[in-house]
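J.: Following is a predicted model, sequence given first.
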Amino acid sequence: MILLRVIEIYLLLINIWGFFIMGFDKRKARKNKWRIPEKEFFLTAAAGGSLGVWLGMRTFHHKTQHKIFTIGIPCIFFLQLFLLGFCIYRSLRI
């Protein structure tokens, strides 16, 4: 049970981080200042923060003109959702 709680907290924090970096980068883009590298968004999404990055894209209207983001981030999210469902299914069968 403790491991499950740690995973829940991790996922909450990584998704908050993903949402935050989208907003932060959007603000920097408006001011023509230093930007967060695009690979950081994908690494955050791949590390479990795909929902936060995706919600940040939609909330801040950031990176929505880039196909790599509008297709890639939702694909990562749905892949993770599928894997989560598969793991839950497998754990219930054992």
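T.: Good, I have the coordinates. Numbers count the residues shown, from 1 in each chain.

J.: hang on, residue 15 packs against residue 45?
T.: No: Residue 15 is beyond contact range of residue 45, at 9.6 Å (criterion: Cβ atoms under 8 Å). C-betas here are computed from N, CA, C, even on glycine.

J.: Between these two, which is the more surrounded one?
T.: residue 45 (25 against 21; other Cβ atoms under 10 Å).

J.: For that one, report the pLDDT, please.
T.: pLDDT for residue 45: 98.

J.: contacting residues around it?
T.: Under the criterion of Cβ atoms under 8 Å, 6 or more residues apart in numbering, the neighbours of residue 45 are 18, 53, 54, 72, 73, 76, 77.

J.: do the same with residue 47
T.: With Cβ under 8 Å, 6+ apart, residue 47 has these contacts: residue 14.

J.: In the protein, spot the helix with the most residues.
T.: helix 2-30 (DSSP state H).

J.: next helix or strand past it?
T.: Following helix 2-30 in sequence order, the next helix or strand is helix 38-44 (DSSP states H and E).

J.: In this structure, where is pLDDT below threshold?
T.: 94 (pLDDT under 70).

J.: same thing but at 80, please
T.: By pLDDT under 80, the weakly predicted segments of the chain are 93-94.

J.: Identify the residue nearest the geometric centre of it.
T.: Nearest to the mean C-alpha position of the chain, by Cα atoms, centre = their mean, lies residue 50 at 2.0 Å.

J.: need the contact list for the residue nearest to that residue when sequence neighbours are not counted.
T.: Leaving aside its sequence neighbours, residue 50 sits nearest to residue 77 (Cβ to Cβ, 6 or more residues apart in numbering; 3.9 Å). Neighbouring residues of residue 77 by Cβ under 8 Å, 6+ apart: 45, 50, 51, 54.

J.: Restricted to helices, list these.
T.: Secondary structure defined by DSSP H assigns 50, 51, 54 of those to helices.
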